[in-house]
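> could you work out the structure for the sequence below:
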Amino acid sequence: MKIITYNIDGLPESLNLNDLPWIFKPIAWIYKLIKGTTTIKINDNANKLADTLKIGGLLHNSKADIIALQEDFNYHYELTSILPEYTTGTYTGGFDLHKLFSNVDWISRFPLPRFKADGLNILSNPKTTKISEEKIVKWDKSAGYFAHANDALTHKGFRYYKTTINGVEIDVYIVHMDADFYKQNPDISKDIKARKSQLKQLVDFILNNTKNNPAIILGDTNLDPIYSWDEETLQQYLLDPINASESLKIEEIKPKNRVDVDRIFIINNTKANHCLEGVDCYFDEDFKGLSDHYPLVAEIKIF
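This is a model prediction of the structure:
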């Protein structure tokens, strides 16, 4: 079985808050007072459409069974048009301030509007993979609307897919966790707290839903292996709680050519009839320059 997780950097180049519907204009005024501009720079890639088409071609050539996407926002249809052989999950939309009034999600404890889009999706090869269930889950906690990587502009979260791959039932979790700008702003305490909350939320869901199957967790964790605090968070809030369960054991499939925040974990289940074993894992550098991430590719043996 071949799987890929890839943050495709599908955000538009920028958002101009002057495009907001009139009811939200105060947001533009407040932001201009703080930042001196109404434009929020989001994507440094000015050739994103062309690069998205290149991404689609390379993913087509990968022949993967499952491709987990993060930041599948404004270029979804361009990407999937290059991959007609794959089945896609639910597309929740992109960033478009003109449509914010009709494409916004309000929650009582968060007074500012958020885009409904989670940016997550799955591409599955119907020749080898069947999906029988999809659940879209929003994080309960995130950090940053005007700062801290702007995570609260949209509903990041995770997705749960009940899949059958080569005849074996496997639970698949696709995640995109809270980001930070540590190098620009060393105070990332709010982001760390958010990631801890998100891992706890994910683990609680796994313990309640992955009963009889092995599982895979993959995605953009924003947990960087080069930082001790991120590794401690991973150990304490994901690995230890799952390994403490009665029937589940988790391990990371580690890439051989570099490390990054994109990560893949397998969970074996003593109640399952099959086991998973990572046999190869690498970042595919053929995608260089097409996103601010590389796709992480793993070969997993089912036995």
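> now P225: phi and psi?
Recorded main-chain torsions at P225 are phi -60, psi -20, according to degrees, to the nearest 10.
> identify the residue nearest it in space, chain neighbours excluded?
Residue nearest to P225 in three dimensions, not counting chain neighbours: V259, with 4.3 Å by Cβ to Cβ, 6 or more residues apart in numbering. (Each C-beta comes from the backbone N, C-alpha and C, glycine too.)
> what count of nearby residues applies to that neighbour?
A count of nearby residues for V259, using other Cβ atoms under 10 Å, gives 12.
> did I read that right, it in a strand?
No. Going by DSSP: H, G, I helix; E, B strand; the rest coil, the assignment for V259 is coil, not a strand.
> am I right that it is in contact with L223?
No. Because the distance of 10.6 Å does not satisfy Cβ atoms under 8 Å, V259 is recorded as not touching L223.
> need the pLDDT of the closest residue to A46 other than its chain neighbours.
Leaving aside its chain neighbours, A46 sits nearest to E13 (6.2 Å; criterion: Cβ to Cβ, 6+ apart). At E13 the predicted local distance difference test score is 80.
> after the helix or strand hosting I206, next one along is what?
Assigned by DSSP states H and E, I206 belongs to helix 189-209. Next along the chain after helix 189-209, taking DSSP H and E as the criterion, comes strand 215-220.
> now the angle from that following strand to helix 189-209?
Angle of strand 215-220 versus helix 189-209, following axes from the mean of the first three to the mean of the last three Cα atoms, to 10 degrees, is 160 degrees.
> the residue nearest the centre of the chain pairs with what?
Residue closest to the average C-alpha location in the chain (Cα atoms, centre = their mean): H176, at 2.9 Å. H176 has these beta-bridge partners by DSSP bridges: D220.
> surely the residue nearest to A46 and N45 touch.
Yes. Counting by Cβ under 8 Å, E13 does reach N45; the two are 7.4 Å apart.
> quick one, which of the two is more surrounded?
Set side by side, E13 and N45 show more neighbours around N45, with 18 against 14, by other Cβ under 10 Å.
> so who does the more buried one touch?
9, 13, 51, 291-292 (Cβ atoms under 8 Å, 6 or more residues apart in numbering).
> where's it relative to Y75, distance?
Using Cβ to Cβ, to the nearest Å, we find N45 at a distance of 11 Å from Y75.
> please apply the same query to P225.
29 Å.
> all helices of the stretch 151-300 of the chain, in order?
Per DSSP state H, counting those that start in this stretch, the stretch 151-300 of the chain carries helices over the ranges 189-209, 228-234, 240-243.
> list the helices and strands the longest one packs on?
Read that as helix 189-209. Under the contact criterion of 3 or more Cβ pairs under 8 Å, 6 or more residues apart in numbering; DSSP states H and E, helix 189-209 touches strand 157-165, strand 168-176, strand 215-220, helix 228-234, helix 240-243.
> I'd like those written out as TSV, with distance to K35 added.
Shown next, in TSV, are the helices and strands packed on helix 189-209 (distance: least, Cβ to Cβ, whole Å):
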stretch	distance to K35
strand 157-165	27
strand 168-176	25
strand 215-220	26
helix 228-234	28
helix 240-243	39
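> just name the most buried of those.
Mean neighbour counts were taken over the helices and strands packed on helix 189-209 using mean count of other Cβ atoms under 10 Å, and the top value, a mean of 25, falls to strand 215-220.
> pLDDT at the closest residue to D140 other than its chain neighbours, what is it?
Among residues not flanking D140 along the chain, Q201 sits closest, at 5.6 Å (Cβ to Cβ, 6+ apart). Reported pLDDT at Q201 in the predicted model: 98.
> other SSEs contacting the helix or strand hosting L123?
Assessed by DSSP H and E, L123 sits inside strand 121-124. In this structure, strand 121-124 makes packing contacts with strand 66-70, strand 87-88, strand 129-138, strand 157-165, strand 168-176, judged by 3+ Cβ pairs under 8 Å, 6+ apart.
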